[in-house]
Each structure stands twice: as structure tokens, then as C-alpha cells.
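*Asks:* sharing a model prediction with you, sequence too.
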Amino acid sequence: MKSKPKSQLPLIALTGATGFVGGRVLQMLLDQNYCVKALVRSKSNSNLLQSKNLNWVEGSLEDTSSLAALTLGADMVIHMAGLVTARTKDDYFRINSTAVGDLARIANEQNVKRFVYLSSITARKPKLSDYAASKRGGEGRFSRKLGKMKGVCVRAPAVIGAGDKATAPFYAFILKGYLPCPGGKNWRDRKIGIAYVDDLARFLIGPCLQGEHDGKTVSVATRASLTWPEFASECAKAVGKPVRPIPLPVSLLYMVASGTSVTKRVLGKGHLTLGKLQEFLYEDWSVSAKYQTDTSLQSILKATLLEDLS
């Protein structure tokens with residue numbers, strides 16, 4: 001991929017292409033005949049998507065030579081890779097903050113024209129957890145290192161869709177008629193925003209890549225605001241049977257999270273750490289309805305929840 005015909009669409013440098021959202025973004029780019037250079041860790045699964053318009057670049061976000069190889073000749077960057085869970089605060093910041101700044105700086109030096117950065121809605125409240133703080137830190141480094149590039153920061157709310165292994169156990173409970181959710185005071189009033197994975201992917205490679213939101217921090221949503229009881233009701237409609245929200249006692253959640261925090265630091269195992277629990281207990285992760293899509297929530301819930309039954 002040394003050069004591209006003038007008639008061809010821009011060359012996109014992509015990180016996170018093997019992830020849940022990234023896989024959708026990659027496929028959509030290729031379907032639209034973009035040329036793509038995608039960063040992949042060394043010794044990754046050999047069963048990678050292959051295309052005449054796709055070049056896999058082996059490397060790491062922590063290796064500046066890898067970032068230089070990825071961005072060389074690229075017109076635009078879509079950066080989606082990051083750590084959702086990590087052993088230590090330093091691990092979070094090294095990938096979710098420092099590496100973001102390095103990539104933006106190097107992309108600017110390589111004369112990349114536009115940088116689309118996928119962040120997280122948790123960056124709104126950086127004091128809640130090390131993860132949230134690292135995402136806010138990444139946003140700051142991104143904006144400071146843009147240089148002459150155009151750029152947009154997309155704060156993703158909760159992302160759902162078929163094929164997400166991380167949320168599959170959660171969906172299994174829903175199919176049995178239960179929706180586990182964090183309990184505690186006013187648990188019924190907690191709000192979340194939801195983005196269908198394809199809606200998020202289309203937003204990234206559509207209006208964001210085309211420069212409609214340059215200079216902004218935005219969020220796209222399939223449903224901008226839902227309470228847990230409302231979400232349970234929507235799930236019930238999708239599966240055709242009652243789904244009851246089950247508020248889990250906060251005392252129990254703290255006990256589990258305390259133990260998980262230790263095993264995470266020592267063994268690198270577990271997800272519900274104390275930091276993650278603080279994120280789950282936050283009262284309002286809803287987003288602005290300005291960029292809410294027209295996608296039917298029922299259609300995506302049916303596709304997601306009933307995937308394994310079809």
C-alpha cells in the first residue's frame with residue numbers, strides 16, 4: 001500500500017480494529033472501498049480479516065516506531081484502542097492517556113489531516129475511577145497534540161450489539177427473565193445512554209470522518225437516556241416474556257469489588273473492581289439527544305438478545 005490512485009478514498013490509519021467496535025468500523029470502511037492500515041499486536045490471532053485494501057501493521061501503542069509506521073502515508077486516523085480494565089493506574093494512563101498523545105503527535109508530524117478519537121462517557125467524571133481519569137487524560141493529550149490536524153473526540157456511552165463476548169453473560173441473565181443492576185439509594189432513577197455498535201461505527205466513519213464535528217466533543221446514542229426499569233421493560237418486549245430488574249445490594253457489590261481489586265492487581269484477573277463499581281453506581285450516564293439515531297431499540301435488542309437462539 002505504497003500509493004493510492006487519485007480516484008480512491010483516503011487512507012485510514014486504524015487502532016482497535018480487532019475489538020468489538022473496531023471490527024465493525026473496519027468492515028464498514030472496507031465495504032466503502034477505503035484503504036486501511038490497522039495496528040495489531042504481535043502474535044495476535046492469525047485469523048485476521050484479509051482484504052486487498054487492508055494492511056495489518058504489527059506493533060504496539062507504546063512503541064512510537066509502530067505508530068510512525070501506522071500513520072505513514074495516512075490521510076486520517078481513527079483511534080479506538082485502549083484499556084477498559086487494567087492492573088494499575090499507571091497501566092491505564094500509559095495506554096489511555098500517554099499513548100493517545102504520542103499517536104496524535106506522530107500523526108501530526110506525518111501530515112495526517114484528521115484525527116477521530118473514540119473516548120468514553122466516563123471521562124465526564126474523572127474522579128470516579130482510574131479508568132475514567134485516564135480517559136479524560138487521553139482527551140487532554142489528544143487536544144494538545146493535534147497541531148494542524150482537524151479532530152473530534154467521541155465519548156461513547158454503553159455500547160450493545162450481537163457478538164460482544166464481554167456482555168454475553170449479562171444477556172444470558174436477561175433471557176432467563178432477570179436484569180441484574182446496581183442497587184442502593186434511588187437505583188430506579190439511575191440513567192444510562194446506549195449506543196448500538198453499528199450506530200457508533202457509522203457515526204465514526206460518517207460525519208466524524210467527514211469533518212462535520214471537527215473541534216467538538218460529542219456522543220452518539222441509539223437511546224440517549226434509560227433507567228434500569230425502562231431498560232428491563234424494553235428487554236421484556238424484545239424477548240416476549242417478563243424481565244424483572246434485580247437491584248444487587250451495594251454492600252455485596254463492595255465486598256465483591258474489594259476482592260476483585262486485589263486479584264486484579266496481583267493476578268490481572270477480574271473486572272468489577274472498586275473503580276468500576278463507582279462507575280456503575282454513578283447516577284446519570286445519559287447523553288444529549290442531539291445525536292440520537294432513528295434505529296429501533298427493539299430491533300437491536302432482539303438481534304442482540306436472541307442471537308444465540310436463532
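*Replies:* Yep, it's here. Treat the numbers as computed from the prediction; the structure is a model and nothing was measured.
*Asks:* what is the burial count for the nearest residue to Phe203 once chain neighbours are set aside?
*Replies:* Closest residue to Phe203 apart from its sequence neighbours, by C-beta to C-beta, 6 or more residues apart in numbering: Val220 at 4.1 Å. Where C-beta positions appear, they are placed from N, C-alpha and C, glycine not excepted. Using other C-beta atoms under 10 Å, Val220 is surrounded by 28 other residues.
*Asks:* would you check that Cys35 makes contact with Ile12?
*Replies:* Yes: using C-beta atoms under 8 Å, Cys35 is in contact with Ile12, at 7.1 Å.
*Asks:* what distance do you get for the residue nearest to Phe203 to Pro169?
*Replies:* Distance of Val220 to Pro169, given as C-beta to C-beta, to the nearest Å: 26 Å.
*Asks:* could you do Lys290 as well?
*Replies:* Where Pro169 is concerned, Lys290 sits at a distance of 33 Å (C-beta to C-beta).
*Asks:* please apply the same query to Ile160.
*Replies:* Distance of Ile160 to Pro169, given as C-beta to C-beta: 14 Å.
*Asks:* just Val262 next, same as before
*Replies:* 22 Å.
*Asks:* show me which of these two is the more surrounded one.
*Replies:* Legend: neighbour count by other C-beta under 10 Å for Val262 and Pro169, higher for Val262 (12 against 9).
*Asks:* assign a three-state SS to the more buried one, would you?
*Replies:* What DSSP: H, G, I helix; E, B strand; the rest coil gives for Val262 is helix.
*Asks:* quick check: the gap between it and Phe231.
*Replies:* 31 Å.
*Asks:* quick check: Arg24 touching Asp198?
*Replies:* Yes: at 5.9 Å, Arg24 counts as touching Asp198 under the criterion of C-beta under 8 Å.
*Asks:* between these two, who's got more neighbours?
*Replies:* Per other C-beta under 10 Å, whichever of Arg24 and Asp198 has more neighbours is Arg24, with 23 against 20.
*Asks:* contact partners for Thr273?
*Replies:* By C-beta atoms under 8 Å, 6 or more residues apart in numbering, Thr273 lies in contact with Thr85, Ala257, Thr260, Ser261, Lys264.
*Asks:* not counting sequence-adjacent ones, nearest residue to it?
*Replies:* In space, Thr273 is closest to Ser261, 4.4 Å off (C-beta to C-beta, 6+ apart).
*Asks:* tell me the pLDDT of that neighbour.
*Replies:* Predicted confidence (pLDDT) for Ser261: 89.
*Asks:* where's the residue lying closest to Gly161 once chain neighbours are set aside relative to Pro157, distance?
*Replies:* Using C-beta to C-beta, 6+ apart and skipping residues adjacent in sequence, the residue nearest Gly161 is Val197, 3.3 Å away. The gap separating Val197 from Pro157 is 12 Å, by C-beta to C-beta.
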